[in-house]
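1. Please find the sequence and the predicted model below.
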Amino acid sequence: MSARIKIDQVGLPAGVAGQARTDGLDTGDLVTLEDVSGTGNSTFHLLWGPPDDPVAEATLAPTGDPNVWTFEPNSGSEGSYLIELRENGDPVERRVFGIRTAANHLLIPAFNERASRHAGWQNDGTDQTELSDNNAIDYADADLNDHPYAGWWRSLAELYRVVEAGTGGLADHSLPLVKLEFAPAKSVIANPLNVAGDAAYFASTTEFQYLRVNAANNALEWASLAAQGSTSILYDASTNTFVRAAVTGVVTAPQNSNTATFSVAAGKSVLINAANGSAVPAFVAGTAAFQYLRVNTGNNGLEWATLSTAASTSIIFDAASNTFRRAALTAGDVTAPVNDNTLTIVADAVTNTKAANMAANTQKANPTAGSADPQDMALAVQSLLLRAAGNIVNAACAADECLQRVGSADLGFAATPRLLRAPQILTSGTTISHPTGTRVIMVEGVGGGGASGGTEAVAGSMGGGGSSGTWGRRTFTAAAASSTYAIGAAGAGVSGATGGAGGSSTFTHNAVTLTLPGGPGGTFLAGASTVAVAPGGAAASAATNADISIAGMPGSDSCRTAAATTPIQAGAGGSNPLSSGGGNRWCTASELGGVSGSGFGAGGPGRVNGTSSTARVGNAGTAGAFIIWEFS
């Protein structure tokens, strides 16, 4: 036998091929059965399951993959499902999928579940384990996991142990209260001693007792409630209740009443402690109009005093309206009428000294499109504060460039960008740093070219030409000092198969990525003496985020006549603005490829096999590239 059955269920860890499992869930979640051999000729069968499961066998069915089947166990059913794998109708392997009982986690074996009758301590090899339908190793008892060849016997061993132990084998939280012995009246289960020991029933002896730790802190005891020594809480023995005593003073309330009342206060009085030390508060009344409560001049008590404005020139008391008002502000930089909250700054009163300090090397400006408060705009080293067609901006410039900015596009005049260095041709690496002063980056590039199809060792076999990579161009505004990129790899050729596709070339600047897809590979056609065509690779996908682009050119078809030894043609690879995919080539007898291409992102030329019987790998495409122009 071989390990072919793999069992999985939603919510469980992945199963192991050839191994039963007893950790199934009773939730009704889908069970997946897989024949890991991948033969495609296998079928799964349920030979047994829990008798109360009416749906499992009816739902067993293959998926879109003939090696993978599924079934739905009935929710709440407990027991073992006996699964058999057959190939071309012949049984090849049987395994158990078990769902244990909820209370004691016991496993009910499947009917006719088998194990090797020859297995034992002296014959416990892997062959005996494979013969056991239940060879699971997910038991809670490690000793049972050490004997996977014992099969269903292990379920019997678990059952006997639970029976022998009584409740000792019950699962957590599974013992109902009715299983406990009768308890004495008014008792609790506790260990009242100060040492570890068996719990016992501990009964109270009189009413209104409560359980507490005793004064010596060495035992539990039942104690009776009492209110001795308390004047605020009283114990009413007639009703066996505690009540609050009557409250007197500033706030009063009857005994056992939740309605509290303030004492009656004199007119125009406040409840205060007017003394210079702790004391019971009392109501103190005012005696005249416009009095206010204050600490006296001796700082040793509170007193009522009458307001006066005799010595004030900024606050005026209006006796007619009994109000205080602010006097008019007439001198200085800010003015306001009497009792008016509208302040006015005197013209030309705010000097540079009185204005807010500015950070070093800043200039006040309003860089918005509308009326707004001025802002302190920082001037970095080698920069100018300018306005182009839009708002005011802080424009950076190189040391030899700042003066060139005057009269340039920053001031709204026409200007010609200056190329800062020779164009950079990128064929490897991942990052490019731009020169100081770079404002515009123009990027041109192409994805990797696809390889042609390869030939097999049969006359007349052919591979079409590979497609070229997509070409594209984009202009970036250079707000970042560097950019990242990836060069699309050339498609690799293989023998007797379709050629590999070229890789995509990508260029990322300021979180915008220009993507130039690689070209697909040319197709393979098996050898024969018939008129046929091996198509070239299809056109590459369109570029993304390009200002202008050209999709990769398809590879040319390779073709043959009815006789493999008569003239046949090897198709050309695809071309793009940065490459030539070569040309078609006719050949009469020997194996030959098309004319080789050149440049970046070219498709590999096709291959044909005349009388030769040697398999050949397809011609590889060429890798992609980027050309970078950086302008001020």
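-> Perfect, thanks for sending it.

2. Asn123 - how many residues pack around it?
-> Neighbour count of Asn123, defined by other Cβ atoms under 10 Å: 11. The way it works is simple: take the backbone N, C-alpha and C, and place the C-beta from them, glycine included.

3. nope, Thr436 is what I was after
-> Using other Cβ under 10 Å, Thr436 has 14 other residues around it.

4. how near is it to Gly332?
-> Thr436 sits 51 Å away from Gly332, going by Cβ to Cβ, to the nearest Å.

5. Kindly report the same for Asn104.
-> Separation of Asn104 from Gly332 (Cβ to Cβ): 93 Å.

6. Who has more neighbours out of the two?
-> More neighbours surround Asn104 than the other of Asn104 and Gly332, with 14 against 8 (other Cβ under 10 Å).

7. my guess is the more buried one meets Val162, correct?
-> Yes: using Cβ atoms under 8 Å, Asn104 is in contact with Val162, at 5.4 Å.

8. what about stretch 146-161, how long is it end to end?
-> Stretch 146-161 has an end-to-end distance of 17 Å (Cα to Cα, to the nearest Å).

9. That should have said stretch 30-47, apologies.
-> Using Cα to Cα, the two ends of stretch 30-47 sit 18 Å apart.

10. Now do the longest helix along the chain: which elements does it pack against?
-> Using DSSP state H, we find that the single longest helix of the chain is helix 153-165. On a contact count with 3 or more Cβ pairs under 8 Å, 6 or more residues apart in numbering; DSSP states H and E, helix 153-165 meets helix 142-145.

11. Who are the packing partners of the helix it packs on?
-> So helix 142-145, by 3+ Cβ pairs under 8 Å, 6+ apart, packs with helix 153-165.

12. Next secondary structure element downstream of the helix it packs on?
-> Counting by DSSP states H and E, the next helix or strand C-terminal to helix 153-165 is strand 187-190.

13. number of nearby residues for Asn576?
-> Neighbourhood size, Asn576 [other Cβ under 10 Å]: 29.

14. Same question for Ala497.
-> Neighbours of Ala497 under the rule other Cβ under 10 Å: 17.

15. Likewise for Asn256?
-> Count around Asn256 with other Cβ under 10 Å applied: 14.

16. List the contacts of it.
-> Asn256 is in contact with 243-244, counting by Cβ atoms under 8 Å, 6 or more residues apart in numbering.

17. Doesn't it belong to a strand?
-> No: with DSSP: H, G, I helix; E, B strand; the rest coil as the criterion, Asn256 is assigned coil and is not in a strand.

18. Report the beta-bridge partners for Gln569.
-> Listed by DSSP bridges, the beta-bridge partners for Gln569 are Cys559, Trp586.

19. these two touch, right, it and Cys559?
-> Yes: using Cβ under 8 Å, Gln569 is in contact with Cys559, at 5.1 Å.

20. sorry, back to before: how about the longest helix of the chain, which residues are buried there?
-> Using 16 or more other Cβ atoms under 10 Å as the test for burial, helix 153-165 gives 153-155, 158-159, 162.

21. end-to-end on stretch 45-52?
-> 18 Å.

22. List of residues touching that stretch?
-> Contacts for stretch 45-52 (Cβ under 8 Å, 6+ apart): 56-57, 60, 71, 73-74, 77-86, 94, 99, 108, 110-113.

23. how about the helices in the chain?
-> 56-59, 126-131, 142-145, 153-165, 402-405.

24. got the buried residues for the first one?
-> What that stands for is helix 56-59. Per 16+ other Cβ under 10 Å, helix 56-59 contains these buried residues: Ala56.

25. outside of it, which residues touch it?
-> 46, 49, 70-74, 77, 81.

26. Mind doing that once more with 7 Å?
-> 46, 49, 71-74, 81 (Cβ atoms under 7 Å, 6 or more residues apart in numbering).

27. Likewise for stretch 533-544?
-> 447, 450, 453, 462-470, 472, 499, 515-525, 549, 551-559, 571, 574, 603, 606.

28. quick one: Asp53 and Glu113, what's the gap?
-> Asp53 is 16 Å from Glu113, by Cβ to Cβ.

29. ignore the last one, Thr614
-> 58 Å.
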